[in-house]
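**Q** I'll drop the sequence and a predicted model, then ask my questions.
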Amino acid sequence: MGKKILISGASVAGNTTAWWLSRHGFNVTVIEKAPGFRDGGQNVDVRGAGREVLRKMGLEQAALALSTGEAGTDWVDEHDNPIARFAVDDIGDGPTAELEIMRGDIARMIYEPARQHCTYRFDETITSVQQDASGVTVQFHNSPPDRYDMVIIAEGVGSPTRELIFPGENKPKWMDITIAYFAIPKTAADGAFARQYNTLGGIGATLKPGRGNTVHVYLGMQKKPEGENQWPAERQKQFLQERFSNAGWHFPRILEGMHKTDDFYFDVLRQVRMSRWHANRVVLTGDAAWCATPLSGIGTTLAVVGGYVLAGELSKTDDLPAALAAYERVMRPFVKEGQGVPKIVPRMLWPHTRAGLALLRGVMHIAGKPLVRKIFSKLFLRDSEKVGLADYPGKVGG
Ligand SMILES: Cc1cc2nc3c(=O)[nH]c(=O)nc-3n(C[C@H](O)[C@H](O)[C@H](O)COP(=O)(O)OP(=O)(O)OC[C@H]3O[C@@H](n4cnc5c(N)ncnc54)[C@H](O)[C@@H]3O)c2cc1C
């Protein structure tokens with residue numbers, strides 16, 4: 001058996017890394033703080049290099065079969081009349097990606113094969129990590145300590161173990177957007193196109209077609225962060241209720257659905273900015289290393305590609321510092337691209353004043369014109385192919 005590796009976090013980044021490491025013959029254990037596999041979450045996009053990695057895993061077709069089938073995005077006014085339309089079959093990857101999939105579906109699609117070859121332990125977290133020249137001793141909340149060759153932290157944007165090992169090193173870039181994701185029942189008004197609506201006061205929402213009888217809601221607001229991500233879910237919902245209840249459009253049914261949903265995810269968007277991703281035998285990946293936020297459109301793509309590159313570079317050499325340096329060399333430019341959303345963008349997309357709203361709608365109207373659509377989409381989106389993917393031949397299973 002190859003080197004013994006612990007991964008903390010069983011979502012997209014952790015599962016992809018586990019999948020590839022086991023393919024390369026490593027002995028992998030994954031721990032996850034949730035009591036079981038976490039299925040929740042709304043639509044995420046997989047683009048460019050992310051699709052390429054899924055293809056290499058033989059999972060692209062399965063992912064396409066699970067895709068939500070969103071036909072494109074309409075920018076709409078208060079009567080749902082389109083100001084601009086970005087159809088997928090017209091422009092390819094645009095505001096709607098060619099592969100839109102539920103976060104839980106993609107995480108599970110990778111978890112199911114990964115757990116055939118890796119050990120998973122739920123309801124578990126790391127309490128301390130001690131490194132020495134030959135390995136890492138890890139203490140756990142619920143089980144006896146164990147020793148590993150290395151530890152990979154894939155715990156998402158708020159990763160507590162990152163804070164334990166790299167205290168104060170994350171210099172988050174707050175995007176001044178607070179967002180909630182949840183699903184509500186579908187009605188006759190909901191078609192195959194996502195609808196993006198913004199109104200005065202820096203608030204707006206996206207309604208995205210889901211599978212079955214659901215519509216997925218992204219409820220967003222432009223404001224400075226005030227620690228809302230630390231509040232209990234009921235307080236977060238009350239906060240949204242107060243902000244959106246008089247805003248017209250579909251907000252009454254959205255709020256009604258929000259109070260009934262059991263799959264509510266709330267976040268105050270911030271990028272994770274780390275000047276290094278590893279400390280000796282501990283390495284960060286996915287949102288824990290470089291969260292680019294949903295504003296980038298490539299957060300899940302970065303997580304999938306990061307797992308592939310990290311496992312691949314570890315498979316190439318026994319020289320751990322060299323492997324981790326190579327991982328960083330490949331991923332840094334791609335992460336820089338993902339995080340390159342200008343800070344003005346949230347303010348432009350979630351305007352507060354009548355003038356700002358008129359400007360946004362005017363710009364979107366022009367952006368939706370046939371000749372401009374494709375150029376605008378490229379300008380608006382981060383480049384999901386800005387990474388050179390090497391081939392890392394697997395030792396197990398060909
Ligand atoms: C439940 C959920 C719902 C989401 N919904 C959306 C959505 O609707 N839209 C969107 O754009 N993005 C969503 N995201 C974020 C999205 O999954 C990520 O931005 C992206 O896919 C990168 O994934 P990641 O694996 O790096 O991080 P994440 O997907 O955030 O996963 C981190 C994992 O680590 C686990 N974890 C956290 N702390 C610890 C700890 N101390 N010990 C062990 N495990 C820990 C978490 O439970 C989680 O399973 C969601 C994430 C989660 C966890």
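**A** Nice, I can see it.
**Q** ok, Lys4 to the ligand distance?
**A** The span separating Lys4 from the ligand equals 18 Å under the rule C-beta to the nearest ligand atom, to the nearest Å. Just so you know, the C-beta spots here come from the backbone N, C-alpha and C atoms, and that holds for glycine as well.
**Q** and the pLDDT for Gly338?
**A** Looking at Gly338, its pLDDT reads 93.
**Q** if I look at the closest residue to Leu324 other than its chain neighbours, how far off is Val138?
**A** Nearest residue to Leu324, sequence neighbours excluded (C-beta to C-beta, 6 or more residues apart in numbering): His278, at 4.5 Å. Per C-beta to C-beta, to the nearest Å, His278 is found 16 Å from Val138.
**Q** could you pull out the helices in the stretch 201-350 of the chain for me?
**A** 233-244, 251-260, 287-290, 299-316, 320-338, 344-349 (DSSP state H, counting those that start in this stretch).
**Q** so who does Ala279 touch?
**A** 131, 165-166 (C-beta atoms under 8 Å, 6 or more residues apart in numbering).
**Q** and the top strand by length along the chain, what's its mean pLDDT?
**A** Under DSSP state E, the strand in the chain containing the largest number of residues is strand 173-185. Averaging pLDDT along strand 173-185 yields 94.
**Q** who does that strand pair up with?
**A** strand 214-222 (antiparallel), strand 265-271 (antiparallel) (DSSP bridges).
**Q** flag every buried residue along it.
**A** Neighbour-count burial for strand 173-185 flags 173, 175-184 (criterion: 16 or more other C-beta atoms under 10 Å).
**Q** and that strand with helix 251-260, angle?
**A** 90 degrees (axes from the mean of the first three to the mean of the last three C-alpha atoms, to 10 degrees).
**Q** related to what we said a few turns ago, who wins for proximity to Tyr197 among the strands paired with strand 173-185?
**A** Nearest to Tyr197 among those is strand 214-222; the distance by C-beta to C-beta comes to 10.4 Å.
**Q** list the buried ones in that closest one?
**A** 214-222.
**Q** including distance to the ligand and pLDDT, could those residues go into JSON lines?
**A** Listed next are those as JSON lines, based on distance: C-beta to the nearest ligand atom, whole Å; pLDDT from 0 to 100:
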{"residue": "Thr214", "distance to the ligand": "12", "pLDDT": "90"}
{"residue": "Val215", "distance to the ligand": "13", "pLDDT": "93"}
{"residue": "His216", "distance to the ligand": "7", "pLDDT": "93"}
{"residue": "Val217", "distance to the ligand": "10", "pLDDT": "95"}
{"residue": "Tyr218", "distance to the ligand": "7", "pLDDT": "94"}
{"residue": "Leu219", "distance to the ligand": "11", "pLDDT": "96"}
{"residue": "Gly220", "distance to the ligand": "12", "pLDDT": "95"}
{"residue": "Met221", "distance to the ligand": "16", "pLDDT": "95"}
{"residue": "Gln222", "distance to the ligand": "17", "pLDDT": "95"}
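**Q** any part of stretch 97-110 near the ligand?
**A** Yes: Stretch 97-110 lies within reach of the ligand by C-beta under 6 Å from any ligand atom, at Arg103.
**Q** that stretch: which residues count as buried?
**A** Those would be 97-107, 109-110, for stretch 97-110 by 16+ other C-beta under 10 Å.
**Q** in strands, which of those residues fall?
**A** Per DSSP E, the buried residues of stretch 97-110 map to strands at 99-102.
**Q** could you work out the most separated pair of those residues?
**A** Leu99 and Met102 (11.5 Å).
**Q** tell me which parts of the stretch 151-300 of the chain are close to the ligand?
**A** Residues of the stretch 151-300 of the chain found near the ligand (C-beta under 6 Å from any ligand atom) are 154-156, 159-161, 181, 265, 286-287, 294, 299-300.
**Q** rerun that using 8 Å as the cut-off
**A** Neighbours of the ligand within the stretch 151-300 of the chain, by C-beta under 8 Å from any ligand atom: 154-161, 181, 216, 218, 263, 265, 267, 285-289, 291, 293-294, 299-300.
**Q** any chance of a PyMOL selection covering the buried ones in those?
**A** Buried subset of those, written as a PyMOL selection, criterion 16+ other C-beta under 10 Å:
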select buried, resi 154+155+156+157+158+159+161+181+216+218+267+285+286+287+288+289+291+293+294+299+300
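**Q** end to end, how far does stretch 3-16 reach?
**A** Its first and final residues considered, stretch 3-16 spans 18 Å by C-alpha to C-alpha, to the nearest Å.
**Q** Leu349: which of the buried residues of strand 173-185 is nearest?
**A** Ile177 (8.6 Å).
**Q** list the contacts for that closest one?
**A** By C-beta under 8 Å, 6+ apart, the residues touching Ile177 are 220-223, 268-269, 293, 295, 346, 350.
**Q** now do the end-to-end distance for stretch 76-96.
**A** 15 Å.
**Q** swap in stretch 138-148?
**A** Stretch 138-148 end-to-end distance (C-alpha to C-alpha) = 8 Å.
**Q** the strands in the stretch 1-150 of the chain, which residues?
**A** 4-8, 27-31, 43-46, 72-76, 82-87, 99-102, 119-121, 126-131, 136-140, 146-148, 150-153 (DSSP state E, counting those that start in this stretch).
**Q** buried ones in the third one?
**A** The one in question is strand 43-46. Going by 16+ other C-beta under 10 Å, strand 43-46 has these buried residues: 43-46.
**Q** quick one: least confident of those residues?
**A** Asn43 (82).
**Q** that one contacts Gly104, correct?
**A** No: the criterion here is C-beta atoms under 8 Å, and Asn43 misses it with Gly104 at 10.6 Å.
**Q** quick check: neighbours shared by these two?
**A** If you check Asn43 and Gly104 against C-beta under 8 Å, 6+ apart, no residue is contacted by both.
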